[in-house]
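Student: Sharing a sequence plus its predicted fold:
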Amino acid sequence: MSAMWGHGGNYQTWADHLARWSRGEQTDGRALPALTRGDYHQDTWVRLTDQLTRALGTRMQGWADDLTRALNAEQDEFAAARALVQARSGLHAVRALAGHPSLTPELRTRLLKLVDGQIADLQRQLETQLDRLARTGADPRWIEGRRRTLRDNPLTGGAAPGATEGPQPWAYDPTAPPRRRIVTD
């Protein structure tokens, strides 16, 4: 009896991981086996890529719904900006799966392009929603404030490869010259 009959091999490992990950369970993807297109029949490869895109779509939809609820609940712009910045952290897991090193380079590129496109599309939808609110007679100052908040805290800011958080305010170079001069008597 081969391992294929007992477990399902790499395909089953990925399928199980994707099912748990799409439900939002804590999963560790570091041990996922490398996928090679030549190891699978064309139909199996298509099924696997469909499972990947479905899992990414499920997580993205849940993330977008949570973000929309959070933005609708916040009335001041500071809280809305905080919701946008915190929402970006949810994108890290999605981009990590889309760019997983065990995926083939072509699939990685395609999935990252898909995810980044969905993020940019949501940013556009949020701004379009403000345009619709303006046409219904909503307070123009609130709309412009929210538009400025959306543009100052873009969802795409945390999605770009190499995007990192800014320096911590408490982290400074102790060997740097002082920034202000202190005069003592």
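Tutor: Looks like it arrived, so ask away.
Student: List the buried residues of stretch 145-154.
Tutor: Taking 16 or more other C-beta atoms under 10 Å as the neighbour-count basis, stretch 145-154 is seen to contain the buried residues 146, 149-150, 153-154. In short, each C-beta sits where N, CA and C put it, glycine included.
Student: Please save the CA atoms from that stretch in PDB.
Tutor: Extracted as PDB, the C-alpha positions of stretch 145-154 are listed here (Å, rounded to 0.1, in the frame of the first residue of the first chain):
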ATOM      1  CA  GLY A 145     -12.800  64.200   5.700                       C
ATOM      2  CA  ARG A 146     -13.500  60.500   5.100                       C
ATOM      3  CA  ARG A 147     -12.100  60.800   1.500                       C
ATOM      4  CA  ARG A 148      -8.900  62.400   2.900                       C
ATOM      5  CA  THR A 149      -8.700  59.600   5.500                       C
ATOM      6  CA  LEU A 150      -9.000  56.900   2.800                       C
ATOM      7  CA  ARG A 151      -6.300  58.500   0.700                       C
ATOM      8  CA  ASP A 152      -3.900  59.200   3.500                       C
ATOM      9  CA  ASN A 153      -4.200  55.600   4.700                       C
ATOM     10  CA  PRO A 154      -4.500  53.500   1.500                       C
END
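Student: hmm, back to that, can you put the buried residues of stretch 145-154 in JSON lines and add distance to Thr128?
Tutor: Rendered in JSON lines, the data for the buried residues of stretch 145-154 read as follows (distance: C-beta to C-beta, whole Å):
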{"residue": "Arg146", "distance to Thr128": "13"}
{"residue": "Thr149", "distance to Thr128": "15"}
{"residue": "Leu150", "distance to Thr128": "11"}
{"residue": "Asn153", "distance to Thr128": "17"}
{"residue": "Pro154", "distance to Thr128": "15"}
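Student: Which ones among the residues you listed map onto strands?
Tutor: Judged by DSSP state E, the subset of these located in strands is empty.
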